[in-house]
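S.K.: turn this into a model:
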Amino acid sequence: MSSLKDLARECGVSVATVSKALNGQHDISDATRARVREAAERLGYVPNMAARSMKTNRTYNLGVLFVDERQSGLGHEYFSAVLDSSIFAFSAASFGSTNMLLPTTVFRNYLRPRQLAKGIEWLQGKPLPATCFGHPNTYMLCRRNGDQLTVGIWNFFSDEIFTPEINLDREYTSLDCYRCEGSLDGSKVKLSTDIAPYGFACFTVK
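M.R.: Numbers count the residues shown, from 1 in each chain. The predicted structure is shown next:
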């Protein structure tokens, strides 16, 4: 696999010039840019996405998440056509490299929150501020203000949610509860009160 140094040697320019040509910067001539890109195509150059992510602090990942209620998988003509068209459009838009998050079939609603959380965390490259698994109709809204995190929990289900446990992205030292009671153990909050059907609970950790 060719590297930036290989392209620079082939074109007789510096590595910095090659990087500028491939990233669309305008402080080089059109002729040099065209020569570098032609060499990149001819030599089969593929960007090192890990190195690029570290340099630019961007993941360059594009994810496609969908819920497959019928468990038909990617072989279904609708989903396969959507993914094929997406990959084509992304490539045409010169993203350079497209890392697709291929969705997995959702078995039960109880698996959906965990699957979606993993997918979102993979896309953004960091953990979610709070997660609560095991309750398929639980919705959460988080707001961070400095070192303080406020979490609202809604139960959109006809049954109670019994003593839910909420996993946090880091450890906290204090807990204030609203419309509920609970305890804090480092990076986990365990509510000792149930959330009624279509009910709401809220807490703040610091």
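
S.K.: ok, residue 22 touching residue 35?
M.R.: No - using CB atoms under 8 Å, residue 22 makes no contact with residue 35, being 11.8 Å away. Every C-beta, even on glycine, is put in place using the N, C-alpha and C of the backbone.

S.K.: shaky segments in this protein?
M.R.: Low-confidence segments of the chain (pLDDT under 70): 1, 47-56, 58-112, 134, 136.

S.K.: could you pull out the helices for it?
M.R.: 4-11, 15-22, 30-43, 49-56, 77-92, 112-124 (DSSP state H).

S.K.: and the angle from the third one to helix 4-11?
M.R.: This points to helix 30-43. 120 degrees (axes from the mean of the first three to the mean of the last three CA atoms, to 10 degrees).

S.K.: quick one: contacts of stretch 182-191?
M.R.: 151, 163-175, 177, 180-181, 192-193, 201, 203, 205 (CB atoms under 8 Å, 6 or more residues apart in numbering).

S.K.: what do you get if the cut-off is 7 Å, keeping everything else the same?
M.R.: Contact partners of stretch 182-191, identified using CB atoms under 7 Å, 6 or more residues apart in numbering, comprise 163-168, 170-172, 175, 180-181, 192, 201, 203, 205.

S.K.: check which residues of that stretch are buried.
M.R.: By 16 or more other CB atoms under 10 Å, the buried positions in stretch 182-191 come out as 182, 184, 189, 191.

S.K.: from those residues, pick the one nearest residue 129.
M.R.: residue 189 (11.9 Å; CB to CB).

S.K.: what bridges to the closest one?
M.R.: Assessed by DSSP bridges, residue 189 has beta-bridge partners residue 166, residue 184.

S.K.: how many residues are close by the closest residue to residue 28 other than its chain neighbours?
M.R.: Excluding the flanking residues, the one nearest residue 28 by CB to CB, 6 or more residues apart in numbering is residue 20, at 5.2 Å. When neighbours are defined as other CB atoms under 10 Å, residue 20 has 18 of them.

S.K.: before we move on, what about residue 7?
M.R.: Neighbours around residue 7, by other CB under 10 Å: 24.

S.K.: residue 14 too?
M.R.: Neighbour tally, residue 14, other CB under 10 Å: 12.

S.K.: do you know how far the residue lying closest to it once chain neighbours are set aside is from residue 32?
M.R.: Excluding the flanking residues, the one nearest residue 14 by CB to CB, 6+ apart is residue 8, at 5.9 Å. Distance, residue 8 to residue 32, by CB to CB, to the nearest Å: 11 Å.

S.K.: which residues are contacting stretch 131-147?
M.R.: Contacts for stretch 131-147 (CB under 7 Å, 6+ apart): 109-110, 112-114, 117, 129-130, 149-157, 161, 164-167, 206.

S.K.: what comes up buried for that stretch?
M.R.: 131, 132, 133, 135, 137, 138, 140, 142.
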